[in-house]
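**Q** This is the structure alone, sequence omitted:
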Ligand SMILES: Nc1ncnc2c1ncn2[C@@H]1O[C@H](COP(=O)(O)OP(=O)(O)OP(=O)(O)O)[C@@H](O)[C@H]1O
Ligand SMILES: [Mg+2]
């Protein structure tokens, strides 16, 4: 069953009378239990695409259905709820809070989630254990390596048990060894039933992907 | 969530700078507010506690004096019964019932000149330790706890040499003055008095060299010295009114009886206005400092936090939740700043009290800390930065989340 559905999604940036069409009537479906790779040259619009799915970027026309809910007509607040409940996000530069420890960072999205608020602390520890960081729970981001930081942000993305994991260049700042480690964890998660969408420049991701797309000239083409 | 925020704030060293600035601003603001409150209080005290504030000095009106012959003038008698029957008038007594006299307190420290005031139920301070006296008692006085029997009290630099009230309570001292003898020459008359009570002169705005004496004694002394001192002088009458607000109505009534009257103590309006003006300018200045520091700092901080705001949005925090987070963030710093400045203000208060002890004694006023000043200060310190914070974050939240997250990649 598809958990993310894109229907004729169009996005054009307007910069001082200049139109930059980035997405042209994109149609795609993403299912649980699969790992999707989205490739494409720089500037192709990959980040734009997944930000639109996240609901942190607007789009011009079309529909996006997340977990059965059409986010096209949602208010800011409703979109925030969808982000908190249904989507876990992983960024290239981790975006961890420097003044919070690993487990506090993982707790952060749970503090506003009805379901996990009460057992946020225990759950944060469990999640860090799942990404093999049980010996780093009380460390601050600056005391962690890049690979460890990205694992913390994976644990944070999993905090509210979302069905969808969206990763924008999750290994862009990592060496090959750590890259494979992260991809393995994400692969594992997809096998456990998550819908994992990875944007990456690296061909390594193709080894793990169930389905690979290329974003080219504003269209998603299956490889 | 709040716990996480607090932890974050404690760990973030950048907060310490703003904490110091806010504490100082708060302390300054508090000082000005307290100074202003004390200044106003001091004036009010002058009137409320110092009986002179509601005392009128009454003299015959010019027309009345002109209508008198020389004989009548010297023997002019005030119509005390009529004056006392005016509504709101508590006391009326000749102004000669206040006098400075030499005493046996004279030593190498003091010149021994004590100012004696007429003390009645209405004019005696109510915070007396020991006994009071009535109009017909004789040979008794009530003196200050910190007694300074010297005529130059206003010009003293050092007040270390107080005569402790406890050491003179229930003891006797002599008063001396010149009277004419049978041969028409002067001789020294000596009377002995007992200190039966003590009062706090600072509470009633009296000088530390002022003692209260009964009407009978003062009148006797006046009679005895009359021939030397007041010959041919028309004395005025002091009229004590029950309440400041009734001064003007009493003045009107006295006018009808052909008496002129002026208040014994008058507010220096110009000085008051100047001081108020200065304190308002100070307050405005401090507020401007607080506002600009908040804007500069919050802006700087938010530029650093722009990514954080983007992240919070990306994690599903709503705009209101983000506003709340930054409100608590600011509140946390402000509340600590307030706490620090409150403690500092109390310390400063006691230091100022110690350093300017003598000045305050001379001013017959003990500065207080005003709760209301603190409340105003707290409100300003909390409201101003919070509002600025709210407004700045609101501007940021209008931006696209995506551009916030990317902010410092550019
Ligand atoms: N906020 C914006 N305003 C205007 N144009 C934008 C904006 N964001 C992106 N673009 C343009 O949209 C196009 C797609 O950008 P996007 O960031 O999605 O590319 P990308 O595929 O993620 O590239 P990369 O692989 O380098 O990350 C680019 O041409 C970019 O200049
Ligand atoms: Mg990109």
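**A** That came through, no problem. None of the values given here were measured: they were computed from a predicted structure. Numbers count the residues shown, from 1 in each chain, chains lettered A, B, ... in the order given. Ligands and ions are numbered 1, 2, ... in the order given.
**Q** any idea what residue A:36 is structurally, helix, strand or coil?
**A** In three-state terms, and counting by DSSP: H, G, I helix; E, B strand; the rest coil, residue A:36 is strand.
**Q** swap that for residue A:214, please
**A** For residue A:214, the assignment made with three-state DSSP gives strand.
**Q** same question, residue A:165
**A** Going by three-state DSSP: residue A:165 is strand.
**Q** Mind naming the longest helix for chain A?
**A** helix A:176-191 (DSSP state H).
**Q** For that helix, buried residues please.
**A** Within helix A:176-191, the residues scored as buried using 16 or more other CB atoms under 10 Å in any protein chain shown are A:178-183, A:185-187, A:189-190. Quick note: C-beta positions are derived from backbone N, CA and C, even for glycine.
**Q** Stretch A:66-76 now?
**A** A:66-67, A:71, A:74.
**Q** List, one by one, the residues from chain A near ligand 1.
**A** Residues of chain A lying close to ligand 1 by CB under 6 Å from any ligand atom are A:13, A:15, A:20, A:22, A:40, A:42-48.
**Q** before we move on, back to that, neighbouring contacts of the longest helix of chain A?
**A** With CB atoms under 8 Å, 6 or more residues apart in numbering or on different chains as the test, helix A:176-191 has contacts from A:33-35, A:131, A:145-147, A:150-151, A:154, A:158, A:165, A:167, A:170-171, A:174, A:196, A:198, A:202, A:204-205, A:207-208, A:210.
**Q** any idea of the mean pLDDT in it?
**A** Average pLDDT, helix A:176-191: 92.
**Q** Is any residue of the following helix or strand past that helix near chain B?
**A** As assigned by DSSP states H and E, the chain's next helix or strand after helix A:176-191 is strand A:195-199. No: Strand A:195-199 lies apart from chain B when judged by CB under 8 Å from any CB of the partner chain; the minimum separation is 13.7 Å.
**Q** how many neighbours does residue A:145 have?
**A** Neighbour count for residue A:145, taken as other CB atoms under 10 Å in any protein chain shown: 12.
**Q** which residue packs closest to it, ignoring adjacent ones?
**A** residue A:178 (7.7 Å; CB to CB, 6 or more residues apart in numbering or on different chains).
**Q** roughly how far apart are the one you found and chain B?
**A** Residue A:178 is 21 Å from chain B, where distance means CB to the nearest CB, to the nearest Å.
**Q** again with residue A:101
**A** Distance check for residue A:101 against chain B: by CB to the nearest CB, it reads 9 Å.
**Q** Name all residues that make contact with the nearest residue to that residue once chain neighbours are set aside.
**A** What sits nearest to residue A:101 in space, not counting adjacent residues and going by CB to CB, 6+ apart, is residue A:138, at 5.1 Å. Residues in contact with residue A:138, defined by CB under 8 Å, 6+ apart, are A:101-103.
**Q** ok, of those residues, which one's closest to residue B:355?
**A** Closest approach between these and residue B:355, by CB to CB: residue A:101, at 48.2 Å.
**Q** what about that closest one, neighbour count?
**A** For residue A:101, the neighbour count with other CB under 10 Å is 23.
**Q** for residue A:38, same thing?
**A** 27.
**Q** For it, name its beta-bridge partners.
**A** Residue A:38 has these beta-bridge partners by DSSP bridges: residue A:199, residue A:213.
**Q** can you pull the contacts of it?
**A** Applying CB under 8 Å, 6+ apart to residue A:38 gives the contacts A:46, A:49-50, A:197-200, A:212-215, A:220.
**Q** Can you tell me which of those residues is nearest residue B:234?
**A** The nearest one, if we look at the contacts of residue A:38 relative to residue B:234 and count by CB to CB, is residue A:50, at 102.0 Å.
**Q** Residue B:150: how many residues sit nearby?
**A** The number of residues packed near residue B:150 is 23, by other CB under 10 Å.
**Q** next one: residue B:89
**A** Residue B:89 has 19 neighbours, counted by other CB under 10 Å.
**Q** That one touches residue B:238, doesn't it?
**A** No: contact criterion CB atoms under 8 Å: residue B:89 and residue B:238 do not qualify, at 10.9 Å.
**Q** Now do the strands in chain A.
**A** A:2-15, A:18-31, A:35-39, A:61-66, A:69-70, A:87-90, A:164-168, A:195-199, A:211-216, A:219-222 (DSSP state E).
**Q** Verify the stated contact: residue B:279 with residue B:29.
**A** No: using CB under 8 Å, residue B:279 is not in contact with residue B:29; the gap is 10.8 Å.
**Q** which residues does residue A:110 contact?
**A** Residue A:110 makes contact with A:116-117, A:120, A:123-124, A:159-160, according to CB under 8 Å, 6+ apart.
**Q** Let's see that with 6 Å instead.
**A** A:116, A:120, A:159 (CB atoms under 6 Å, 6 or more residues apart in numbering or on different chains).
**Q** Closest one to residue B:258 out of these, please.
**A** For the contacts of residue A:110, the residue nearest residue B:258 by CB to CB is residue A:120; the value is 88.1 Å.
**Q** If I look at that closest one, what pLDDT would I see?
**A** pLDDT, residue A:120: 90.
**Q** So what's the residue count around it?
**A** Close neighbours of residue A:120, defined as other CB under 10 Å, add up to 23.
**Q** wait, what's in contact with it?
**A** Residue A:120 sits next to A:107, A:110 when contact means CB under 6 Å, 6+ apart.
**Q** How about residue A:215?
**A** Contacts for residue A:215 were tallied using CB under 6 Å, 6+ apart; they are A:40, A:44-46.
**Q** Sketch out the helices for the stretch 151-300 of chain B, chain order is fine.
**A** B:165-168, B:215-229, B:247-256, B:269-314 (DSSP state H, counting those that start in this stretch).
**Q** Between these, which one is closest to chain A.
**A** The closest of the helices of the stretch 151-300 of chain B to chain A is helix B:269-314. By CB to the nearest CB, the value is 4.7 Å.
**Q** What residues does the stretch 201-350 of chain B have near ligand 1?
**A** Going by CB under 6 Å from any ligand atom, none of the residues of the stretch 201-350 of chain B are near ligand 1.
**Q** Can you tell me which residues in the stretch 201-350 of chain B are near chain A?
**A** Within the stretch 201-350 of chain B, the positions lying close to chain A (CB under 6 Å from any CB of the partner chain) are B:311, B:314-316, B:318, B:321.
**Q** Show me the shaky parts of chain A.
**A** Within chain A, no stretch has pLDDT under 70.
**Q** Return the distance of the residue nearest the centre of it relative to residue A:3.
**A** In chain A, the residue lying closest to the centroid (CA atoms, centre = their mean) is residue A:166, at 1.7 Å. Distance, residue A:166 to residue A:3, using CB to CB, to the nearest Å: 11 Å.
**Q** And residue A:34, by the same measure?
**A** Taken as CB to CB, the span from residue A:34 to residue A:3 is 10 Å.
**Q** Identify the residue nearest the residue of chain A found nearest chain B in space, chain neighbours excluded?
**A** Residue nearest to chain B within chain A: residue A:84 (2.4 Å; CB to the nearest CB). Computed as CB to CB, 6+ apart, the closest residue to residue A:84 that is not its neighbour in sequence is residue B:316, at 2.4 Å.
**Q** right, and that neighbour touches residue A:80 too?
**A** Yes: using CB atoms under 6 Å, residue B:316 is in contact with residue A:80, at 5.1 Å.
**Q** nearest spatial neighbour of residue A:209, skipping sequence neighbours?
**A** In space, residue A:209 comes closest to residue A:37 once its chain neighbours are excluded; the distance is 3.7 Å by CB to CB, 6+ apart.
**Q** in terms of contact, does that neighbour touch residue A:198 like I think?
**A** Yes: with contact defined as CB under 6 Å, residue A:37 and residue A:198 form a contacting pair (5.3 Å).
**Q** more neighbours, these two?
**A** Remark: of residue A:37 and residue A:198, residue A:198 carries more neighbours, 28 against 25, as counted by other CB under 10 Å.
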